[in-house]
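A.B. asks: Pasted the sequence and its predicted model underneath.
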Amino acid sequence: MNNWQVRVELELAHASAPGVIALGALARMADRFAGKSVPTTTLHHWIRRCLARRRLQRVQKGLYLNAFRSPPGRPVEAAGHLRRDAVISLQSALAEFGLLNNPPRIMTAVVPLDSDGFLPSLGRVKTAVGEFVFRGIPRRILEAGDAEDRLDLVGHPDFACATAEKALLDWLYLAQSARSTLGAPQSKDIEVDALKRSRLNSLSRSMELSSALRDWQKRAGRG
């Protein structure tokens, strides 16, 4: 094994290494440690050996989970690489906190819709590590409220993951949207009592969903 390969693998094994890494980042890392441009064929040969050793796991062409690191990269961490600014939310975020009964195998994420007319690619995306569903929410709604309330910055520092309260409200927003096919969440499927009421109320005001939240809570018998 070449010296640059050893150093790249040590870098990938570091606790601060990313859980998901793209081919371009691997190439730059190899060039840096080799002190010169590593030939593409040499780099790909090393990647194939890492795949065979299960130290890298292909997500899709040019994107890999990093299993050198402990804990290894997880499929949900790839969402932001598959769609810019994607946030794990809805069912998947609730499942991350253990608050969703019978979580789906499909990973769910939301992406911001901007007013400049650019429309990100939404819907299902199949990868080698699982299937994702990306749903769009206007940026002003998606990013409403304090970052500490809408993103789990402590428990999920490696990728953008909504808090449980934000995940529920994203779900309620999409359920009432005429452009969405997502139905309203069933209260029996969610550990509602584990949600932080103050955070839920604060975010619902910021997202202009206070009425929708109250209606849902009444239907759930928790108003």
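C.D. replies: Arrived safely, thanks for sending. Numbering: from 1, shown residues only.
A.B. asks: who does the residue positioned nearest the centre of the chain bridge with?
C.D. replies: Within the chain, the residue whose C-alpha comes closest to the C-alpha centroid is residue 88; the distance, by CA atoms, centre = their mean, is 3.6 Å. Note on residue 88: beta-bridge partners residue 109, residue 161, judged by DSSP bridges.
A.B. asks: does it really touch residue 164, like I thought?
C.D. replies: No: checked against CB atoms under 8 Å, the pair residue 88 and residue 164 is beyond contact range at 11.5 Å. For every residue, glycine as well, the C-beta is placed using N, CA and C.
A.B. asks: residue ranges of the strands in the protein, please?
C.D. replies: Ranges of strands in the chain, per DSSP state E, are 20-22, 56-60, 63-66, 87-88, 107-113, 123-127, 130-138.
A.B. asks: Stretch 14-31 spans what distance, first to last residue?
C.D. replies: Distance between the two ends of stretch 14-31: 18 Å, counting by CA to CA, to the nearest Å.
A.B. asks: ok now that stretch, how far from the chain's centre?
C.D. replies: What separates the centre of stretch 14-31 from the centre of its chain is 18 Å, taken as CA atoms, centre = their mean, to the nearest Å.
A.B. asks: just to revisit the earlier point, and the residue nearest to the centre of the chain, what is it in contact with?
C.D. replies: Contact criterion CB atoms under 8 Å, 6 or more residues apart in numbering gives 76, 79, 96, 107, 108, 109, 156, 159, 160, 161, 162 as the residues in contact with residue 88.
A.B. asks: The first one against residue 91, yeah?
C.D. replies: No: when contacts are counted by CB under 8 Å, residue 76 is not listed as touching residue 91 (11.5 Å).
A.B. asks: Flag every buried residue along the worst-scoring helix or strand of the chain on mean pLDDT.
C.D. replies: Scoring the helices and strands of the chain by mean pLDDT, DSSP states H and E places helix 210-219 at the bottom, with a mean of 90. Of the residues in helix 210-219, those with enough neighbours to count as buried (16 or more other CB atoms under 10 Å) are 212, 213, 216.
A.B. asks: From residue 69, how far off is the last one?
C.D. replies: Plainly put, residue 216 is 39 Å away from residue 69 if you go by CB to CB, to the nearest Å.
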